[in-house]
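*Asks:* just to be clear, the model below is a prediction. Sequence and coordinates:
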Amino acid sequence: MNNNQTPPIMNLRVKEASIYLGVGVSTIWLYAKQGKLNPIKLSPRVTIFKREELDQFIINSSNNAKSSKNITVP
């Protein structure tokens with residue numbers, strides 16, 4: 001790694017995760033409640049989400065969207 005490069009961010013706070021996914025903060029909490037995302041509680045007021053899990057969520061969401069377009073209605 002070059003001295004000018006910073007390491008990639010591996011964990012995101014709730015607000016950062018909402019920006020990363022393009023949804024509201026309340027939607028992040030909804031996804032966590034539904035089991036779609038796994039929050040990691042660091043303290044009573046600090047919760048993080050793993051970026052690789054958010055990336056996987058994006059991939060799964062786009063795959064689900066593609067497969068739902070293939071449904072034919074009689």
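*Replies:* Alright, I've got the coordinates.
*Asks:* contact partners for the residue most central in space within the chain?
*Replies:* The chain has L54 as the residue nearest its centroid, 2.9 Å off, counting by CA atoms, centre = their mean. Going by CB atoms under 8 Å, 6 or more residues apart in numbering, L54 touches L12, A17, Y20, L21, L37. (Each C-beta comes from the backbone N, C-alpha and C, glycine too.)
*Asks:* closest to N63 out of those residues?
*Replies:* L21 (15.4 Å; CB to CB).
*Asks:* follow-up on the earlier one: and the residue nearest to the centre of the chain, what element?
*Replies:* When elements are assigned from DSSP states H and E, L54 belongs to helix 51-69.
*Asks:* what does A17 give?
*Replies:* Here A17 sits within helix 14-21, counting by DSSP H and E.
*Asks:* list the helices and strands that helix packs on?
*Replies:* In this structure, helix 14-21 packs against helix 25-34, strand 46-50, helix 51-69, with contacts taken as 3 or more CB pairs under 8 Å, 6 or more residues apart in numbering; DSSP states H and E.
*Asks:* residues in contact with it?
*Replies:* Under the criterion CB under 8 Å, 6+ apart, residues 9, 12, 24-25, 27-29, 37, 47, 49, 51, 54, 57-58 lie in contact with helix 14-21.
*Asks:* what about those residues, which one has the most neighbours?
*Replies:* I28 (26 neighbours; other CB atoms under 10 Å).
*Asks:* test my guess that it contacts Q34.
*Replies:* No. Using CB atoms under 8 Å as the test, I28 is too far from Q34 to be in contact (10.9 Å).
*Asks:* shared neighbours, the two?
*Replies:* With CB under 8 Å, 6+ apart, I28 and Q34 have no common neighbours.
*Asks:* show me where pLDDT drops low in this structure?
*Replies:* Within the chain, the segments meeting pLDDT under 70 span 1-3, 66-74.
*Asks:* repeat that for 90
*Replies:* The model of the chain has pLDDT under 90 over residues 1-9, 61-74.
*Asks:* I am finished for the moment; much appreciated.
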